[in-house]
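> what's the 3D shape of this:
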Amino acid sequence: MNPIPLDAISFTGQDLSRPECVLALRDGTLFVSDKRGGITRIAPDGTQVLLGQGPVVPNGIALLRDGSFAIANLSDSGGVWRMAPDGALAPDITEIAGRRLGSVNFVRTDRQGRLWICVSTLRPGEDQYRTDIADGFIALRDASGIRVVADGLCWTNECLPDEDAGYLYVNETFGRRLTRFDLAPDGSLSKRVTIATFGHGDYPDGLTNDMEGGLWVVSVGSNRLIRVAPDGTKQVMLEDSDPAHLDTLEEALQAHRLTRPMIHEARSKFLRNTSSLAFGGPDLRTGFMGSLAGDALARFASPVAGVPPAHWDWPSS
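Predicted coordinates for the structure are as follows:
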């Protein structure tokens, strides 16, 4: 599969604020998390509107069956918030098993309408990234309530349920690995396996899949887009990084001195610290990349179609 050249990248959207997470729908609508406290809707004709502005720092977002959204609140106030179709915001999940829910990294829905919740760390306000602390977890909300289904993860980032195959994948950013669990019909997880590890300059963040069984991993900090084939082979599909800066990040990580600002200040020529990927377009062959520092979404033609996300045909505001 041929890599994607940087000169094939274009951009869509404008004046976005920390567009970390992107959702694409069949009709061409895009929804993007917005640091101003809500979600920006980009219509197929390019028209934009900011929905909701509340006391949250949206990171991951998930469309729900009723047209509302779940928002992972990255700020220390934490929790999962609900945004109604009219933009009204309110806290939704504030604790799990009697424990206050702090900063939440990511949320995703599956075809059953269940909500998967990824918490990176239990250390409030922690701004130092470590390879030797694994206190992240994954929780699930379904008809029976909310429960933790996996823990002991090293900086839990995006997760991806594959209900057809019976797996759930998750990126452990500072564990620098892609992890797979067996996924039971009731949502329980078992048989944890590492299916890919990542090296110098790679910090796996965003995660999605394609129709040929590949998993696409977005490395924050390095602007690398890595495809993991079904046999575990890794291929860098896209890269826009500064080698000297990656050396600095690596040295800091090994010395337990890596901080959020250092990651956010990634150097590049073109991209602005990419963090996520969503496949969209009429044939699911357009990749839309979210970022931590950009004000637009990077867009490229993919050599393979993505898998339709659970929300592909769900109603939205």
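> Low-confidence stretches in the stretch 1-150 of the chain?
125-127 (pLDDT under 70).
> Parallel or antiparallel, which strands does the one helix or strand residue 41 maps to pair with?
Using DSSP states H and E, residue 41 falls within strand 38-42. Strand 38-42 pairs in its sheet with strand 30-34 (antiparallel), strand 48-51 (antiparallel), by DSSP bridges.
> Return the alpha-carbon coordinates of that strand using PDB.
C-alpha atoms of strand 38-42 as PDB (Å, rounded to 0.1, in the frame of the first residue of the first chain):
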ATOM      1  CA  GLY A  38     -18.900  22.400  22.600                       C
ATOM      2  CA  ILE A  39     -18.900  20.800  19.200                       C
ATOM      3  CA  THR A  40     -18.600  22.400  15.700                       C
ATOM      4  CA  ARG A  41     -20.900  21.000  13.000                       C
ATOM      5  CA  ILE A  42     -19.500  21.300   9.500                       C
END
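> quick one: contacts of it?
With CB atoms under 8 Å, 6 or more residues apart in numbering as the test, strand 38-42 has contacts from 12-13, 16, 19, 29-34, 48-54, 58, 61, 69, 71, 83, 87, 89, 297, 316-317. (C-beta placed from N, C-alpha, C; glycine too.)
> Just the buried ones among the residues you listed, please.
13, 16, 19, 29-34, 50-52, 54, 58, 61, 69, 71, 83, 87, 89, 297, 316-317 (16 or more other CB atoms under 10 Å).
> Torsion angles phi and psi at residue 84?
Backbone torsions of residue 84, given as degrees, to the nearest 10, read phi -70, psi 160.
> measure the nearest residue to it once chain neighbours are set aside to residue 107 for me?
The spatial neighbour of residue 84 that comes closest, neighbours along the chain excluded (CB to CB, 6 or more residues apart in numbering), is residue 68 at 5.2 Å. According to CB to CB, to the nearest Å, residue 68 stands 12 Å off from residue 107.
> who has more neighbours, these two?
Taking other CB atoms under 10 Å, residue 68 and residue 107 do not tie; residue 107 has more neighbours (29 against 18).
> Contacts for the particular helix or strand that has the more buried one in it next, please.
Residue 107 is part of strand 106-109 when elements are defined by DSSP H and E. Strand 106-109 is touched from outside by 21, 59-65, 70-72, 80, 115-118, 156-161, 310-311, with contacts defined as CB under 8 Å, 6+ apart.
> helices or strands up against the very next helix or strand once past that strand?
With elements assigned by DSSP H and E, the helix or strand that comes after strand 106-109 is strand 115-119. Contacts defined by 3 or more CB pairs under 8 Å, 6 or more residues apart in numbering; DSSP states H and E place strand 115-119 against strand 69-73, strand 106-109, strand 136-142, strand 156-162.
> If any of the contacts of strand 106-109 are buried, give me the PyMOL selection for them.
Buried members of those, defined by 16+ other CB under 10 Å, are picked up in PyMOL with:
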select buried, resi 21+59+60+61+62+63+64+70+71+72+80+115+116+117+118+156+157+158+159+160+161+310+311
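> Just the helices from the stretch 151-300 of the chain, written as ranges.
Secondary structure of the stretch 151-300 of the chain (DSSP state H, counting those that start in this stretch): helices at 243-254, 260-264.
> Between these, which one is closest to residue 138.
When the helices of the stretch 151-300 of the chain are compared by CB to CB, helix 260-264 sits nearest residue 138, at 21.6 Å.
> buried set for the closest one?
For helix 260-264, by 16+ other CB under 10 Å, it's 262, 263.
> repeat for stretch 265-282
For stretch 265-282, by 16+ other CB under 10 Å, it's 266-268, 271-281.
> State the pair within the residues you listed that is farthest apart.
267 and 281, at 30.1 Å, using CB to CB across the buried residues of stretch 265-282.
> thinking again about what came up before, from the chain's centroid, how far away is the strand holding residue 107?
Relative to its chain's centre, strand 106-109 lies at 8 Å (CA atoms, centre = their mean, to the nearest Å).
> State the paired neighbours of it in the sheet, together with their directions.
The partner list of strand 106-109 in its sheet, established with DSSP bridges, is strand 115-119 (antiparallel).
> Show me what the strand it pairs with is in contact with.
The contact list for strand 115-119, computed with CB under 8 Å, 6+ apart, reads 60, 62, 64, 70, 72, 80, 93, 101-110, 136-142, 146, 156-159, 161, 168, 170.
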